[in-house]
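Visitor: Using only what follows, build the 3D model:
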Amino acid sequence: MSVNASTYTPPASIPTLAGSQKVDYTKVQNEQMGQKEFLTLFTTQLKNQNPLDPMQNEQFVAQLAQFSQLEATTNMSTNLNTLIATLKGQQLLNGSALIGKQVAVPNGPAILKNGAPISGVISVPEGARAVNLSVYDANGVLVKSQELGRQLPGDVTVRWDGTDNAGTKMTDGSYKVVATVTGMGGTVTKVPIATPDVVKGVTMNSDGSDLVIETQSGATVNFSQVKQIKG
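Guide: Here you go, the predicted structure:
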């Protein structure tokens, strides 16, 4: 059957290339069109193009290039998600090695066991002229005040020997250690102190960005906040 070029009119229900080839594929991709949708649109355009005005080679190659870019982006995203999942699993596996070890937990309890001295870590700011420790029992009663004098700025290890102000050994249990520093102007400021606790479990936080350490005292702390680890 022959086609008369002067009288041919494409049916209204079939989109012509003149209308289809103006589709901005980049915009469609930005609206999260997937690989399958792109292929469907592209093949539909090829099937329904105007036979008197077929797609030019340059247009065909350009749209194939867009498809290749979309496919590469999709594959890269899939591979990246797989890599992230693998790294998270490895991080959690490595974190399990902390179970049973002692970590310094910021503002955690000081667990006195067998009267053994308790060490903690504080961050001394610039300009501090004196550091003081106060130890409270489970009822909030002050049992020990300790002056440590002037300390250099930075992380400093402090120690409570497990006795009260009279030198009597305290009973085993949970205590609260509070550290304060006195600045050059006489201003007293409370600073966090990280006290040792034993790791009972390790999990991943909700967004997968850090490990969460659970201790025997019931405290939880992000691994990035841990000041010290002991075997």
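Visitor: Could you list the alpha-carbon positions for stretch 121-139 in CSV?
Guide: What follows is stretch 121-139, C-alpha atoms only, in CSV (Å, rounded to 0.1, in the frame of the first residue of the first chain):
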residue,chain,number,x,y,z
VAL,A,121,37.7,11.4,82.9
ILE,A,122,36.9,15.1,82.8
SER,A,123,37.5,17.8,80.2
VAL,A,124,39.3,20.7,81.9
PRO,A,125,38.6,24.0,80.1
GLU,A,126,41.1,26.8,79.4
GLY,A,127,41.6,29.2,82.3
ALA,A,128,40.6,26.7,85.1
ARG,A,129,42.6,27.3,88.2
ALA,A,130,41.1,24.6,90.4
VAL,A,131,39.2,21.3,90.0
ASN,A,132,37.0,19.7,92.7
LEU,A,133,35.2,16.4,93.0
SER,A,134,32.1,15.7,95.1
VAL,A,135,30.8,12.2,95.6
TYR,A,136,27.2,11.5,96.6
ASP,A,137,25.6,8.3,97.7
ALA,A,138,22.4,6.8,96.2
ASN,A,139,20.3,9.0,98.6
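Visitor: Find me the pLDDT at the nearest residue to residue 163 once chain neighbours are set aside, would you?
Guide: In space, residue 163 comes closest to residue 169 once its chain neighbours are excluded; the distance is 5.5 Å by C-beta to C-beta, 6 or more residues apart in numbering. Every C-beta, even on glycine, is put in place using the N, C-alpha and C of the backbone. For residue 169, the pLDDT comes out at 94.
Visitor: which residues does residue 169 contact?
Guide: 115, 162-163 (C-beta atoms under 8 Å, 6 or more residues apart in numbering).
Visitor: Tell me which strands the helix or strand residue 203 falls within pairs with, and in which orientation.
Guide: Using DSSP states H and E, residue 203 falls within strand 193-204. Note on strand 193-204: by DSSP bridges, its sheet partners are strand 102-106 (antiparallel), strand 118-124 (antiparallel), strand 211-215 (antiparallel).
Visitor: Which positions within that strand qualify as buried?
Guide: Buried residues in strand 193-204, counting neighbours by 16 or more other C-beta atoms under 10 Å, are found at 193-200, 202, 204.
Visitor: and residue 140, how many residues sit next to it?
Guide: Residues lying near residue 140 (other C-beta atoms under 10 Å) number 7.
Visitor: Without its sequence neighbours, what residue ends up closest to it?
Guide: Nearest non-adjacent residue to residue 140 (C-beta to C-beta, 6+ apart): residue 176, at 7.8 Å.
Visitor: what's the answer for residue 91, then?
Guide: According to C-beta to C-beta, 6+ apart, the nearest residue to residue 91 is residue 211 (6.5 Å).
Visitor: I'd assumed residue 199 was in contact with the one you found.
Guide: No - using C-beta atoms under 8 Å, residue 211 is not in contact with residue 199, being 10.3 Å away.
Visitor: quick one: the strands in the protein?
Guide: Listed in chain order, the strands of the chain (DSSP state E) span 102-106, 110-112, 118-124, 128-136, 142-149, 154-160, 173-183, 188-191, 193-204, 211-215, 220-222, 229-230.
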